[in-house]
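Student: Sequence and predicted model, in that order:
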Amino acid sequence: MTRLFGTDGVRGIANKELTPDLAFRLGFAGAKVLAGEKAYKPVILVGTDTRISCGMLESALVAGITSAGADAFLAGVVPTPGIAYLTQKYQCDAGVMISASHNSYEYNGIKFFASTGYKLPDEVEDEIEAMINSYTEDMIRPIGKQIGHCINKPNAARDYAEHIKRHMSVDLTGIKIAVDCANGASYHIAPGILSDLGAEVIAIGIEPDGENINLNCGSTHMKRLEQTVRREGCDIGIAFDGDADRMLAVDENGKHVDGDGIIAIIAKGMQDRGILRDDKICVTVMSNLGLDIFAEEAGITLAKTQVGDRYVLEEMLKSGISIGGEQSGHIILLDHTTTGDGILSALALLKTLNHDNKRLSEASSIMKPLPQVLKNAKISNERKKAAMQDEDILNVIAEEEKKLNKKGRILVRPSGTEPIIRVMIEGEDIQQITKMAKRIVELLNSRYGI
């Protein structure tokens, strides 16, 4: 049986894979496992992004939570890192975010946070999953006054915004910023924060309709932001994804700066100010080899993990590392937060640029990325394992990697959140690696494709 929890909670097509029935059971089991046997009535905080399915799934999830005897605090539309922070602030026993992050609107997800604001370890997710699998309609449930209450928290977004401004205050007076909120969870928060700090803000992706989250906008589609920066003469552009736990940037010339580049800039600034703990950064195996070269030249040690910000966080906590993240823009600043936070990361980048009196184009030159190609093969979750063990495919990958002559690499891995296998190739010749990636993807699709 395929594990219910992926690398970032439970995710699937809403009302098909992630059904109201499953959401109810997740709420019930999550409340039972995370709240435990309390002497008081437990409280679980629930937030959403802007997808059309969020209302449906929230209703079912909250029904499960309250039927288990826990109260549900409803935060409304708020970024995922907002739920991580507010779970602690409101002294909740757990937090839940309903979002599929960077995925298109037909997908949705349910992600749990512990009372500490950290994502759940695998063993706790397994305990929730076991309870879901053993769930029956005749299970004993509370009745009367022991049933949970549903309580709105109308100031949740504001409380999170004020927290962000306190923790990463920076004077943005005189700076013109284009911000793309992906028609997602940051649409009513991020522009206001930047404006309150003094910036002139040009905001796009702030008209969610339930179906346009991440649609040709946000951190997965940067072209519109690049055009906006050039057209409006902005000093910088910032793009968030649908739940604002990741961010990417565009310099004043409209050039894209990815998570590797942003991590390098912030980390170098921290090192220069003596606050980069043990001169270490944590990234994943997907990070560009250019980051390795930058780190070696700067005297910074790179710790590497498998793909997934949860694994980055685990290594950071274990090794006492203060900054880490992914090329996709998940950046964790452990001195300030317990999870990836796009708005906080954007302010950290702006603060570094402000402190160093540099424009993003100049600051980003400290890291020179190798050419990199990333292509996806559409493979159902059930067939991923077979595809990754196919000897013919493995032989083709090895054959192609030999052609790089140790001056590049090939990384093929199944996504933990989508029905795809990612093929990433780095090398000196962009045309060569593009052709190689195309060959591998076509082979995967021909044998195992949807």
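Tutor: Arrived safely. From a predicted model like this one, the values you see are computed outputs, not experimental measurements.
Student: How many neighbouring residues does Cys217 have?
Tutor: 26 (other CB atoms under 10 Å). No exception for glycine: its C-beta is placed from N, CA and C like everyone else's.
Student: Please list all residues in contact with it.
Tutor: By CB atoms under 8 Å, 6 or more residues apart in numbering, Cys217 lies in contact with Asp180, Ala182, Asn183, Ile204, Gly205, Arg224, Leu225, Ala239.
Student: doesn't Thr228 make contact with the fourth one?
Tutor: Looking back up the chat, that one is Ile204. Yes - contact criterion CB atoms under 8 Å: Ile204 and Thr228 qualify, at 5.9 Å.
Student: Overlap of the contact sets of these two?
Tutor: Common neighbours of Ile204 and Thr228 (CB under 8 Å, 6+ apart) are Ala178, Asp180.
Student: Name the surrounding residues that touch stretch 355-369.
Tutor: 235-236, 249-253, 255, 257-258, 260-261, 264-265, 268-269, 272-273, 288-291, 293-294, 298, 349, 352-353.
Student: Would you mind confirming that His167 makes contact with His336?
Tutor: Yes - counting by CB under 8 Å, His336 is a contact partner of His167 at 4.9 Å.
Student: Find the residues that touch each one of these two.
Tutor: Leu344.
Student: what's around Gly174, how many residues?
Tutor: Here the number of neighbours of Gly174 (other CB under 10 Å) works out to 9.
Student: Lys368 too?
Tutor: Residues near Lys368, counting by other CB under 10 Å: 12.
Student: can you check Lys16 too?
Tutor: Other residues close to Lys16 by other CB under 10 Å number 9.
Student: so is it in a helix, a strand, or just coil?
Tutor: Assigned by DSSP: H, G, I helix; E, B strand; the rest coil, the conformation of Lys16 is coil.
Student: Once you drop chain neighbours, what's closest to Glu400?
Tutor: Leaving aside its chain neighbours, Glu400 sits nearest to Met436 (4.5 Å; criterion: CB to CB, 6 or more residues apart in numbering).
Student: now swap in Asp209 and tell me
Tutor: Asn183 (7.4 Å).
Student: what secondary structure does the one you found sit in?
Tutor: Per three-state DSSP, Asn183 ends up coil.
Student: so what pLDDT did it get?
Tutor: You'll see Asn183 listed with a pLDDT of 98.
Student: Which residue ranges of the stretch 351-450 of the chain form helices?
Tutor: Taking DSSP state H, counting those that start in this stretch, the helices of the stretch 351-450 of the chain run over residues 360-363, 384-389, 391-403, 430-448.
Student: looking at those, which is closest to His149?
Tutor: Checking the helices of the stretch 351-450 of the chain against His149 by CB to CB gives helix 384-389 as the closest, at 41.7 Å.
Student: what comes up buried for the closest one?
Tutor: Neighbour-count burial for helix 384-389 flags Lys384, Ala387, Met388 (criterion: 16 or more other CB atoms under 10 Å).
Student: With distance to Val78 and pLDDT as added columns, please give the residues you listed in CSV.
Tutor: Below are these laid out as CSV (distance: CB to CB, whole Å; pLDDT from 0 to 100):
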residue, distance to Val78, pLDDT
Lys384, 32, 94
Ala387, 37, 95
Met388, 36, 95
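Student: Phi first, then psi, for Val77.
Tutor: phi -80, psi 120 (degrees, to the nearest 10).
Student: what residues are up against it?
Tutor: Counted by CB under 8 Å, 6+ apart, Val77 has contacts Gly47, Thr48, Asp49, Thr50, Ala157, Ala185, Tyr187, His188.
Student: Let's see that with 10 Å instead.
Tutor: Val77 sits next to 47-50, 54, 98-99, 156-157, 184-189, 208, 243 when contact means CB atoms under 10 Å, 6 or more residues apart in numbering.
Student: Would you mind checking the residues you listed for buried ones?
Tutor: Here, 16+ other CB under 10 Å leaves 47-50, 54, 98-99, 156-157, 184-189, 208, 243 buried among those.
Student: Return the subset of those residues lying in strands.
Tutor: Members of the buried ones among the contacts of Val77 lying in strands (criterion: DSSP state E): Gly47, Thr48, Ile98.
Student: How is the chain divided into domains?
Tutor: If you go by automatic domain parsing, the domain ranges for the chain are 10-156, 168-366, 372-448.
Student: can you tell me the distance between the two ends of the second one?
Tutor: Terminal residues of domain 168-366 lie 23 Å apart, using CA to CA, to the nearest Å.
Student: just how off-centre is that domain within its chain?
Tutor: 12 Å (CA atoms, centre = their mean, to the nearest Å).
Student: related to what we said a few turns ago, what separation do you get for the residue nearest to Asp209 and His330?
Tutor: Using CB to CB, to the nearest Å, Asn183 is found at 20 Å from His330.
Student: Could you do Ala363 as well?
Tutor: Distance from Ala363 to His330, by CB to CB: 20 Å.
Student: now swap in Thr284 and tell me
Tutor: From Thr284 to His330 the distance is 9 Å (CB to CB).
Student: Now list whatever residues contact both of those two.
Tutor: Common contacts of Thr284 and His330, defined by CB under 10 Å, 6+ apart, comprise Gly259, Gly308, Asp309, Val312, Gly324.
Student: any idea how far Met436 is from the residue in the chain sticking out farthest from the centre?
Tutor: Distance from the C-alpha centroid of the chain, by CA atoms, centre = their mean, peaks at Gly144 (39.6 Å). Remark: distance between Gly144 and Met436 (CB to CB) = 65 Å.
Student: next one: Val396
Tutor: Going from Val396 to Met436 by CB to CB gives 9 Å.
Student: Also Arg409?
Tutor: Arg409 is 11 Å from Met436, by CB to CB.
Student: if I look at those two, which residues touch both of them?
Tutor: Contacts common to Arg409 and Met436, judged by CB under 10 Å, 6+ apart, are Glu401, Ile425, Gly427.
Student: What's the local residue count around the second one?
Tutor: A total of 27 residues lie near Ile425 under the criterion other CB under 10 Å.
Student: how about it, what does it touch?
Tutor: Contact analysis of Ile425 by CB under 10 Å, 6+ apart lists 371-375, 397, 400-401, 404, 408-412, 432-438, 440.
Student: Which residue is the nearest non-sequential neighbour of it?
Tutor: Ile433 (4.3 Å).
Student: returning to that earlier point: just curious, which of the buried residues of helix 384-389 is nearest to Ser219?
Tutor: Of the buried residues of helix 384-389, the one sitting nearest to Ser219 (CB to CB) turns out to be Lys384, at 24.6 Å.
Student: you'd agree that closest one is up against Gly449?
Tutor: No - counting by CB atoms under 10 Å, Lys384 stays clear of Gly449, with 11.5 Å between them.
Student: Give me the common contacts of those two.
Tutor: With CB under 10 Å, 6+ apart as the test, Lys384 and Gly449 both reach Ala377, Ile421.
Student: one step back: possible to save the buried residues of helix 384-389 as TSV with distance to Ile83?
Tutor: Shown next, in TSV, are the buried residues of helix 384-389 (distance: CB to CB, whole Å):
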residue	distance to Ile83
Lys384	29
Ala387	34
Met388	33
